[in-house]
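J.: please work out how this folds:
(2 chains)
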Number of protein chains: 2
Amino acid sequence: MTDADAIRSTVEQYVARFSDDRDGWLALWAPDATMEDPVGSPVRHGVEAIAEFYDQSQASSDRVELRLDGPVIVLGSEASFRFHARPTLGGTTFSVPVIDVMTFDDQARITSQRAFVDFSMLAPAVD
Amino acid sequence: MTDADAIRSTVEQYVARFSDDRDGWLALWAPDATMEDPVGSPVRHGVEAIAEFYDQSQASSDRVELRLDGPVIVLGSEASFRFHARPTLGGTTFSVPVIDVMTFDDQARITSQRAFVDFSMLAPAVD
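T.: Residues are numbered from 1 along each chain as shown, chains lettered A, B, ... in the order given. Predicted coordinates for the structure are as follows:
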């Protein structure tokens, strides 16, 4: 597997595992990774702080699904991709577009993440 | 106009002016802006170096059109968005997806740009 393929695989698992595989999702991060989600918010340092983000996200709705929207563009040890975050609240599923920018280590673990997401764009999902 | 609206307007003009408005496109940049296009290539500093990029891009094909693909996500003085670059060569139009990450000054001029684009994804345009 090339490095780019390994990075693409990490991104696919990042999207797939978010809804119900906490341990699997956290295993995708390097121990000392940073997360800025959304861009402009305080940067979280380390997997423990990232786990806290995960738990808060899960607690804020009945369920959150992520859906990749288009290609994962990999350049060297960096990647960017767009997805939709789809939280379900009280039986209604909403959707908001997100563009993530990530860096990776030589094991294709995420070393940094920045998420471009504007929650004023959250709207009922149409599909 | 809010800052976010001004930034969105800059991005819309960045996409619209690229094909045939060299001066208008270069006016969207702060004089000391940086450009890393594609991500991983040497960073260009200043509008003169960015003009060189523009001229090289135009010379490499008969025509290049950019088409915005989805929302411009603005957070503070930063934005990210996806578009398709569509070069036409010898009568055939190709397309490649690009995700740009930008910062802006208080006049909504671009102060930095990084472009995630992998030219191995260039393929004949389907529309």
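J.: where does the prediction get shaky in chain A?
T.: A:1-2 (pLDDT under 70).
J.: show me what from it comes close to chain B.
T.: Within chain A, the positions adjacent to chain B are A:38-40, A:69-71, A:73-76, A:78-82, A:97-99, A:101, A:116-118, A:121 by C-beta under 8 Å from any C-beta of the partner chain. (Each C-beta comes from the backbone N, C-alpha and C, glycine too.)
J.: got a quick PyMOL command for the buried subset of those?
T.: Applying 16 or more other C-beta atoms under 10 Å in any protein chain shown to these leaves a buried subset, and the PyMOL line that selects it is:
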select buried, chain A and resi 39+69+71+73+74+75+78+79+80+81+82+97+98+99+101+116+117+118
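J.: what's the spacing between A:A59 and A:E65?
T.: Counting by C-beta to C-beta, to the nearest Å, the gap from A:A59 to A:E65 is 16 Å.
J.: more crowded one of these two?
T.: A:E65 (19 against 7; other C-beta atoms under 10 Å in any protein chain shown).
J.: got the residue ranges for the helices in chain A?
T.: For chain A, applying DSSP state H gives helices covering A:3-17, A:22-26, A:46-59.
J.: quick one, what contacts the nearest residue to A:R8 once chain neighbours are set aside?
T.: The shortest distance from A:R8 to any non-neighbouring residue, by C-beta to C-beta, 6 or more residues apart in numbering or on different chains, is to A:V72 (4.9 Å). The contact partners of A:V72, taken as C-beta atoms under 8 Å, 6 or more residues apart in numbering or on different chains, are A:7-8, A:11-12, A:79-81.
J.: 6 Å - rerun?
T.: Contact analysis of A:V72 by C-beta atoms under 6 Å, 6 or more residues apart in numbering or on different chains lists A:8, A:11, A:79, A:81.
J.: can you pull the buried residues of stretch A:80-100?
T.: So, applying 16+ other C-beta under 10 Å, buried residues of stretch A:80-100: A:80-87, A:93-100.
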